[in-house]
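K.L.:
Requesting a structural model of the entry that follows:
(chains A and B)
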Amino acid sequence: MEQVLLKVNKYRPLSSLTTGAHLGAGLGLKADHLDDIFALPVADDAQMGNQLWFEVHTENYFVAGGPRRHYLRSIRDRYELSFHGVGGSIGYDHQSMPEHIKQVKALIDEFEPTLISEHAVWSRSSGAYFADLMPLPRTQDALQSLVDGVDRFQSGIGRRILIENPSNYLDFTSEMDEPQFLVEAAQRSGCGLLIDINNLYLSSKNTGIDAAQYLSQIPAELVGEIHIAGHDPDPELGQALLIDSHASPVDLPVWELLQHALTLFGHRPVLVERDANLPPFAELMHERQLAQGYLDQCRHETDSANVSLGETR
Amino acid sequence: MALSPYINAFTDYLRSGDARGMNDYCVDVTQIKRLAVYRNGFYKGCIDALAANFPVCEKSLGRESFNQLASLYVDHYPPEIGTLVGYGEYFPYFIRDLLAVLEHQGGPMLLPASLVDLARLDYAWLTSLMSADATQTLTAEKVNWLVEHGVDFTQAQVTLNASVDLLRVNAGTLNQWIGFKTNSPDVEPLVLSPEGHMNLSELAQADSTINVDTVMFWRLNDAVQARLLSAPEVALMRALQDDGVLEKAFAAALALDPDFDVSDVFSACLQNEILDIDLTKYNYKH
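P.N.:
Residues are numbered from 1 along each chain as shown, chains lettered A, B, ... in the order given. Next up is the predicted model:
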């Protein structure tokens, strides 16, 4: 245990400019919206902290060549990218990670994303990939497995990553709460955290945790990115079980929780996720502008606080 | 609590739908039905990927029937690697085997026999689309350079571009596939027996009485192209696949048709960027 706790953090820190402090609100990149994105005026007046950026699911670009990689190159030539992995199975089954990591690293070398993230979950076992984000029990054994997975991943790509909190639909036998679990994983492995506000909201509704208390347990310096998204009620159980669908606009309580998170963590890149039931690009940009508004407000309040502090001195 | 038994129980649930093994790991057993969110997500992700990778199969069967077939496939062949890009490698053969099982059972065939070829065409199209970009394309400019430098280019070693795929399908299937792919109003319905079903005996009979087409897919300017090849063209492409020497490939085509215009086909190959050549041994410079 001591050996793990004394591990030297050999990855770049999150708080530098190279890890996204200059980014504002971003959007998930969808092929259906490419023409709209290329039609956007080039932002030559980008201010610190308001740059538009795009996030992709890394594994969708595990192709040898062709138009998918070519359009990603065109996007990268204009915007900064975040690579968000959904298939790394960092929490379990690390035997098959090397080939996966090799492909991720090749993409990182080619496209140089500003942010790289994965999920604190598992998705592979017994030779099968389950194509969804399966929950880990919050136990010491699972924590060690997650730390090992993050360590392998970071070592393989040579970059620090962020790991995302899962959506919870029911409680599993656990030895600690989720903030403890994630913070411990981050501190042991040297990774940062991606706080998905929608996931947190769903977990609070589905399992009864206190979202505000959850956020208060997360050290701000660990947080490198924030996600927001829409959700939908379960077709059978209705509001008693909210599903992380990414198929609807961001709901009001999630916006409110985002504001609270920004108050606690300060300015962080915020991604508006939408993966299904895609609206016109303009609608997503409208949501993105709302998120940017909250970020601008957060930046303004921080600057004001700094000025006040200066005057006091 | 050890992690592996939990993962094993969860895995059993995801594969079988039987959640009893998860009882020990759920705080409130009355909520165990909520595990279905994860299993539904797994199946939905896989089925959506299959629908994206086999769009003509999905269109030809209709979404509901396709989902049933795809769900069976996921049962038998769950993804093995951490991406759904390219998922469905065995789907055409799964359909073929399923047809064989259904015929063996003697029940009505609810799947059109041409679905196997449509699935093969779907996957070949996808494979061509995602194949590696060419870096050593043989162009007219390179041919001219070889000629200017006294190299007999017909003796040069060439390879077919990584995006090139040749496959044999029952005659007429490509047109049907293109019709579905392009939403053509002229697309012919899938071939079914007079009772609405075709069994394997009928399919075998059809195979022996109708011609087989060879289809070539390749990618040009980020778009996948398709065409039917004539018998000499097939011989030429096969010879290029096997040997790679242009002269031998031309000879193979001419052996089938002495009037075959090799220069015409060679020009078409150059224009469509189908051939690759490594010119480093000739000290070629741009």
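
K.L.:
Measure how buried the closest residue to chain B within the stretch 51-200 of chain A is and give me the count.
P.N.:
Residue nearest to chain B within the stretch 51-200 of chain A: residue A:87 (3.0 Å; CB to the nearest CB). C-beta here means a position set from N, CA and C on the backbone, and glycine is covered the same way. When neighbours are counted by other CB atoms under 10 Å in any protein chain shown, residue A:87 registers 27.

K.L.:
repeat for residue B:248
P.N.:
Residue B:248 has 15 neighbouring residues, counting by other CB under 10 Å.

K.L.:
Now it. Nearest residue, chain neighbours left out?
P.N.:
Closest residue to residue B:248 apart from its sequence neighbours, by CB to CB, 6 or more residues apart in numbering or on different chains: residue B:239 at 5.5 Å.

K.L.:
ok so the one you found is a helix residue?
P.N.:
Yes - membership of residue B:239 in a helix is supported by DSSP: H, G, I helix; E, B strand; the rest coil.

K.L.:
wait, what's in contact with the residue of the stretch 1-150 of chain B found nearest chain A?
P.N.:
Chain A sits closest to residue B:82 of the stretch 1-150 of chain B, with a gap of 3.0 Å, by CB to the nearest CB. Each residue near residue B:82 by CB atoms under 8 Å, 6 or more residues apart in numbering or on different chains is listed here: A:59, A:87-89, A:96, A:100, A:123-124, A:129.

K.L.:
Please convert those residues to CSV, extending it with pLDDT.
P.N.:
Shown next, in CSV, are those (pLDDT from 0 to 100):
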residue, pLDDT
A:59, 98
A:87, 97
A:88, 97
A:89, 97
A:96, 86
A:100, 97
A:123, 98
A:124, 97
A:129, 98
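
K.L.:
And residue A:287, which helix or strand is it part of?
P.N.:
helix A:281-312 (DSSP states H and E).

K.L.:
Please look at the residue of the stretch 51-200 of chain A closest to chain B and residue A:123 and confirm they touch.
P.N.:
Yes - the pair residue A:87 and residue A:123 passes the contact test of CB atoms under 8 Å, sitting 6.1 Å apart.

K.L.:
So for those two, which residues contact both of them?
P.N.:
A:129, A:131, B:82.

K.L.:
Could you single out the nearest of these to residue B:8?
P.N.:
Nearest to residue B:8 among the shared contacts of residue A:87 and residue A:123: residue A:129, at 16.0 Å, using CB to CB.

K.L.:
A helix includes that closest one, no?
P.N.:
No - using three-state DSSP, the assignment for residue A:129 is strand, not a helix.

K.L.:
If you count contacts, what does the helix holding residue A:287 end up packed against?
P.N.:
Under the contact definition 3 or more CB pairs under 8 Å, 6 or more residues apart in numbering or on different chains; DSSP states H and E, helix A:281-312 sits against strand A:23-28, helix A:34-38, helix A:252-265, strand A:270-273.

K.L.:
Any chance of CSV for these, columns mean neighbour count, mean pLDDT and distance to chain B?
P.N.:
Output for the helices and strands packed on helix A:281-312, formatted as CSV (neighbours: other CB atoms under 10 Å in any protein chain shown; pLDDT from 0 to 100; distance: least, CB to the nearest CB, whole Å):
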stretch, mean neighbour count, mean pLDDT, distance to chain B
strand A:23-28, 24, 97, 16
helix A:34-38, 14, 97, 12
helix A:252-265, 17, 98, 19
strand A:270-273, 24, 98, 15
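
K.L.:
Including distance to residue B:107, could the ones you listed go into JSON lines?
P.N.:
JSON lines is the format used below for the helices and strands packed on helix A:281-312 (distance: least, CB to CB, whole Å):
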{"stretch": "strand A:23-28", "distance to residue B:107": "45"}
{"stretch": "helix A:34-38", "distance to residue B:107": "46"}
{"stretch": "helix A:252-265", "distance to residue B:107": "50"}
{"stretch": "strand A:270-273", "distance to residue B:107": "45"}
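
K.L.:
of all these, which lies closest to residue B:275?
P.N.:
Proximity to residue B:275 (CB to CB) singles out helix A:34-38 among the helices and strands packed on helix A:281-312, at 30.7 Å.

K.L.:
What pairs with the helix or strand just after that closest one, parallel or antiparallel?
P.N.:
For helix A:34-38, the following helix or strand on the C-terminal side (DSSP H and E) is strand A:51-57. The pairing partners recorded for strand A:51-57 under DSSP bridges are strand A:23-28 (parallel), strand A:80-84 (parallel).

K.L.:
Figure out how far strand A:51-57 is from the centre of its chain.
P.N.:
Relative to its chain's centre, strand A:51-57 lies at 11 Å (CA atoms, centre = their mean, to the nearest Å).

K.L.:
again with stretch B:158-177
P.N.:
Relative to the centre of its chain, stretch B:158-177 is centred 9 Å away, using CA atoms, centre = their mean.

K.L.:
Span of that stretch from start to end?
P.N.:
31 Å (CA to CA, to the nearest Å).

K.L.:
Please work out the average pLDDT along it.
P.N.:
The average pLDDT within stretch B:158-177 is 95.

K.L.:
Let's see which of the contacts of residue B:82 end up in helices.
P.N.:
Among these, the ones falling in helices (DSSP state H) are residue A:100.

K.L.:
show me what contacts the closest residue to residue B:28 other than its chain neighbours?
P.N.:
Counting by CB to CB, 6+ apart, residue B:28 lies nearest to residue A:171, which is 6.5 Å off, once chain neighbours are set aside. Shown in contact with residue A:171 (CB under 8 Å, 6+ apart): A:207, B:26-28, B:31.

K.L.:
Mind checking which of those are buried?
P.N.:
For the contacts of residue A:171, a burial check counting by 16 or more other CB atoms under 10 Å in any protein chain shown picks out A:207, B:26, B:31.

K.L.:
Can you check what pLDDT the model gives the second one?
P.N.:
At residue B:26, the model reports a pLDDT of 96.

K.L.:
What ranges does the stretch 101-250 of chain A have for its helices?
P.N.:
A:140-157, A:178-189, A:197-207, A:211-216 (DSSP state H, counting those that start in this stretch).

K.L.:
Can you give the distance of the first one from its chain's centre?
P.N.:
How far helix A:140-157 lies from its chain's middle: 17 Å, per CA atoms, centre = their mean.

K.L.:
What pLDDT is listed against residue 150?
P.N.:
Defaulting to chain A. The model reports residue A:150 with a pLDDT of 98.

K.L.:
The intended chain is chain B.
P.N.:
Residue B:150 is assigned a predicted lDDT (pLDDT) of 93.

K.L.:
ok, now residue A:48?
P.N.:
Looking at residue A:48, the pLDDT reads 73.
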